[in-house]
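Trainee: quick one: sequence and predicted model below, then my questions.
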Amino acid sequence: MGALLGKITVETPKYEVLVKKDTYELRKYPALVAVGTPTDHIVQGNASFSRLARFIGVFGRPQNSKGQAIAMTAPVLTGYRSPLSADPSSAGPDEGAPRMMFLLPSAHKSTKETPEPTDPLVQVEKMELGTVGCVTFSGWATEANLKEREKLLIAVLGSEGHHISGKSWFAQFNPPWTLGPLRTNELYIPVTPAPWVPNQV
């Protein structure tokens, strides 16, 4: 019942709030360990979700080298690995394509300590969100309304002197059965903060 009503009971990543305004937050995230896979859809990627879920053991024996069950966390992220300024010719595998990511529990301190996936389409990787502009919203996301929110957030961040340094990530905190108005979603855009922002180091 809790999940149906939007209650988030799984671990979520810690972050520092650098700026909090009515229209956005500026947050700083530490480096995180994640597991990722290519996806063909930013909002709905059922096959991609299933691959990652099998890695942590949602559907039975975990599909990793240790057969180790790993707890689910939130949010599930979808977005692009390569920054906006990257040279496409130098991009690594799948960097130019959207990816879905599960953040692993904080007990996983490094990629080397994390079991290897048995599915070749799944990779353990370091996730460095860094400093991001963030907007939180409820309801069901669509490609169209995400693009509109991204456009508005980029405009607000630019007007405050923040430099956009990467492509956006869409974060979903709830399972599919959570009621639309009670869902928690966030949009992250990597930035280099304006000089007036404290605690940038």
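Mentor: Cool, the structure landed.

Trainee: ok so residue 190 is a helix residue?
Mentor: No: if the criterion is DSSP: H, G, I helix; E, B strand; the rest coil, then residue 190 is strand and not within a helix.

Trainee: in this protein, where's the longest helix?
Mentor: Using DSSP state H, we find that the single longest helix of the chain is helix 143-159.

Trainee: helices or strands up against that helix?
Mentor: In this structure, helix 143-159 makes packing contacts with strand 131-137, strand 163-164, strand 185-192, judged by 3 or more Cβ pairs under 8 Å, 6 or more residues apart in numbering; DSSP states H and E. C-beta coordinates here come from the backbone N, C-alpha and C atoms, glycine included.

Trainee: so where do the helices sit in this structure?
Mentor: 46-56, 143-159.

Trainee: ok, now which ones touch residue 172?
Mentor: Contacts of residue 172 were listed using Cβ atoms under 8 Å, 6 or more residues apart in numbering, and they are 74-76, 78, 141, 183, 185.

Trainee: okay, and the beta partners of the residue lying closest to it once chain neighbours are set aside?
Mentor: Nearest-residue entry for residue 172: residue 76, 5.0 Å, with adjacent residues in sequence omitted and distances by Cβ to Cβ, 6 or more residues apart in numbering. Residue 76 forms beta bridges with residue 102, residue 172, as assigned by DSSP bridges.

Trainee: tell me how far residue 76 lies from residue 44.
Mentor: 11 Å (Cβ to Cβ, to the nearest Å).

Trainee: show me what contacts the residue nearest the centre of the chain?
Mentor: Taking Cα atoms, centre = their mean, the centroid of the chain lies closest to residue 77, which sits 2.9 Å from it. Shown in contact with residue 77 (Cβ under 8 Å, 6+ apart): 34, 100-101, 103, 127, 169-171.

Trainee: what's the answer for residue 195, then?
Mentor: The contact partners of residue 195, taken as Cβ under 8 Å, 6+ apart, are residue 161.

Trainee: just residue 175 next, same as before
Mentor: For residue 175, the contacting residues are residue 3, by Cβ under 8 Å, 6+ apart.

Trainee: ramachandran angles for it?
Mentor: Backbone geometry at residue 175, expressed as degrees, to the nearest 10, gives phi -70, psi 170.
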